[in-house]
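Student: task: produce atomic coordinates for the following.
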Amino acid sequence: MHQGTGRPVARARHAALVAGVLTLAACSAGPPSAPETRTVTVTPTYERSTAPAPELPERPEPVLDTGAVNAGHPAATAAGIEVLAEGGNAVDAAIAAAFAVTVAEPFGSGLGGGGSAILVAPGEDPVNVDYRDVVPASGVPADFTGVPGLVAGLWHLHSERGTMPWARLVQPAIDLARDGVPVSQMLHDQMRMRYGSGAVQGLEHFAPGGRPLAKGELLVQEELARSLTIVAEDGVDGFYRGRLAAQLAKAHTSLDAASLGAYEVQVSPPPRGQFGEYTVLGASPALPGPGFIQLLQLVEALDVASTTPGSAEYVNVVATALRRALRTMKNEIGDPAFVDVDSDTLTDREANARLARGLGLAGPDPQPDPTSDPSPDPTPKKPRPTKKPKPDPKPDPTPTRTTEPEPEPEPDQEPEPEDTETPPEGPGDPEPPPGDAGGAWEPVPWDEEQTSPGETTHLTVVDSSGLMVTMTNTLTSLWGSRQYVGGFFLNDQLNRFAKIAGPKNTPSPGRRTVSWSLPAILVDAEGRAVLGIGSPAGERIPAILTNVLVRWGLFGQDLQTAVSAPRFHAAGRALDMEWSPGRGDREKLEKMGYQITAPIPQNLYFYGSVQAIEVDWATGTVSGAEDTRREASFALAPTPTD
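Tutor: Below you'll find the predicted structure:
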């Protein structure tokens, strides 16, 4: 049944939504080869369904002063805030924001992709919902497209916890697609990159006359609006059995009726482990939540609290723990419907303290962990540190110069002179480079096959009842497989079977692959959500989130400071840094054996966009941080109307 609004109301809502977007922003290849097929018996799991219209439950008593939304694009934040203002809960707002961001960031998430979410409500058991893409009945296709899970996942969340009509939650996305959403700097940049230019080639609404829309121009997606309308009217059935299912099957041989009909959402308790004074709830396998919790515990056990944030010693501790935890993520994680994953052991604080004592801090080591625990003594190297702020030292004023990749000129323009100035250097965190991450910059050529950050979009929502949702949705690579169907792009999630090859990560029909998405929620001793967090950035996600959580949870930095702090990623001896380190720190790291690349050009968007919300239960207040590396925005909800 259709519960959408009439055109005048819809236009009014769209105008208000675009106004909200602008306000929030101011504040802050060809068709795939036919896969080899084999006969597989797949039993459909969905019965014909219609949009549910349950009797609305009583609104829970507010225990916080307000709700909040932190999303990767202002349009998504505005859609979620509007829902909270109307009395919807965090799940309602997350669904509306998730659909809206698919319109604003078609390169990162969409109806052709999937995602995962963690839900925590006061007095209830936390829940992890995995609705990522799975291997179709015919196996992994040449373009790595999996059976999309986004619509099924959001439908499941709505069926379990939603309070507002389903069609109402899809409507903001329909309005944005039909009437237009302003193009962001990132979308403009991505349409000019090799992957993006190939993806939008021939799509006039993205690149009229072959020239990508400029920042601020309206992107109108009429075909996507029609597909979203089908989702609003027919729900999950319209996508997996109805009109959209027929389009998908016609466009892609692997997305046959049996594979679409067999799609299932995975629901499980999230893995948990202690970190600082909190319990971390991570994403359930096949996502590497257990390995991420291990990473945090290793960093803590390696006595990161005795270092200075951003210093060579700090970077080396995190990099050493990261190398070991990435090994866990690649070798010990898989789809629990097919393999056993010992999450309890991987997240055991005492076991990881013993493991940490075998990790050498002399610098990168091709085999950084021992073959066995060196000691049965479970005592950490020092007592758990308290949250005491530790100021960073002032930077050394001596500048250096580096060489960045040559900018790629706009069509019919001459290249601009290269700007190679880097910020002043010194111990600890350096100053940000000129024109901080919130500004505009020229795209540069790069090998996307090798250096693509992987692409997702993250959002975190909390309502006044204390219900928190943290959600990561993705097409996997930028623009997914670049196959365009029904106004949206299909995922290439199944490439992770090869890119994260491990003994527990092998493909078979219906299986989920290991990936890097890491939505997480930290809870207090009473199980109440204290911090929801997540980020895009592919394999860099674990390091990004660790840097933020260590600064916030162990050093006592405020959330905005922790989110804005410089980021880095270590892989073997390679150390990629967002900002150039100080001269002294660079020398120390190079003597340890690190091969430093810094600064990484900002327009590559390698270092994500952390969407985090913090709850102070002592005062009943909610706060958040804006990550200016992208157009992300945070907003508090107004008082709900009756």
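Student: low-confidence regions, the stretch 451-600 of the chain specifically.
Tutor: 451-454 (pLDDT under 70).
Student: let's see that with 50 instead.
Tutor: Applying pLDDT under 50 to the stretch 451-600 of the chain flags residues 451.
Student: now the strands for it?
Tutor: Ranges of strands in the stretch 451-600 of the chain, per DSSP state E, counting those that start in this stretch, are 455-462, 468-476, 484-485, 488-489, 520-523, 529-533, 568-571, 574-577, 595-597.
Student: out of those strands, which comes closest to W155?
Tutor: Among those, the nearest to W155 by C-beta to C-beta is strand 468-476 (13.7 Å). The C-beta positions use only the backbone N, C-alpha and C, and glycine is treated the same way.
Student: compute the inter-axis angle for the closest one and strand 455-462.
Tutor: 170 degrees (axes from the mean of the first three to the mean of the last three C-alpha atoms, to 10 degrees).
Student: by mean pLDDT, flag the weakest helix or strand of this structure.
Tutor: When the helices and strands of the chain are compared on mean pLDDT, DSSP states H and E, helix 448-451 comes out lowest with a mean of 41.
Student: give me the number of residues near P208?
Tutor: Applying other C-beta atoms under 10 Å, we find 11 residues neighbouring P208.
Student: any weak-confidence spans in the stretch 151-300 of the chain?
Tutor: In the stretch 151-300 of the chain, no residues with pLDDT under 50.
Student: would you map the strands across it?
Tutor: In the stretch 151-300 of the chain, the strands defined using DSSP E, counting those that start in this stretch lie at 181-182, 218-219, 266-268, 272-275, 278-281.
Student: kindly report the same for the stretch 1-150 of the chain.
Tutor: In the stretch 1-150 of the chain, the segments counted as strands under DSSP E, counting those that start in this stretch are 68-71, 114-120, 127-130.
Student: on that earlier part again, now tabulate the strands of the stretch 151-300 of the chain in CSV and tack on distance to P126.
Tutor: Formatted as CSV, the strands of the stretch 151-300 of the chain follow (distance: least, C-beta to C-beta, whole Å):
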stretch, distance to P126
strand 181-182, 33
strand 218-219, 37
strand 266-268, 10
strand 272-275, 8
strand 278-281, 5
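Student: for L361, find the nearest of these.
Tutor: strand 272-275 (19.8 Å).
Student: partner strands of that closest one and their direction?
Tutor: In the sheet, strand 272-275 lines up against strand 278-281 (antiparallel) (DSSP bridges).
Student: how far does the partner strand sit from its chain's centre?
Tutor: 19 Å (C-alpha atoms, centre = their mean, to the nearest Å).
Student: same question for stretch 88-106.
Tutor: Its chain's C-alpha centre and that of stretch 88-106 lie 14 Å apart, by C-alpha atoms, centre = their mean.
Student: CA atoms only: put that stretch into CSV for me.
Tutor: Extracted as CSV, the C-alpha positions of stretch 88-106 are listed here (Å, rounded to 0.1, in the frame of the first residue of the first chain):
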residue,chain,number,x,y,z
GLY,A,88,10.0,8.7,15.1
ASN,A,89,12.6,6.7,16.9
ALA,A,90,16.3,6.1,16.1
VAL,A,91,15.5,3.2,13.8
ASP,A,92,13.0,5.3,11.8
ALA,A,93,15.5,8.1,11.5
ALA,A,94,18.3,5.7,10.5
ILE,A,95,16.1,4.2,7.7
ALA,A,96,15.2,7.6,6.4
ALA,A,97,18.8,8.8,6.5
ALA,A,98,20.1,5.6,4.9
PHE,A,99,17.7,6.0,1.9
ALA,A,100,18.4,9.7,1.5
VAL,A,101,22.2,9.2,1.4
THR,A,102,21.9,6.7,-1.4
VAL,A,103,20.5,9.6,-3.5
ALA,A,104,23.2,12.1,-2.4
GLU,A,105,26.1,9.7,-2.6
PRO,A,106,25.3,7.2,-5.4
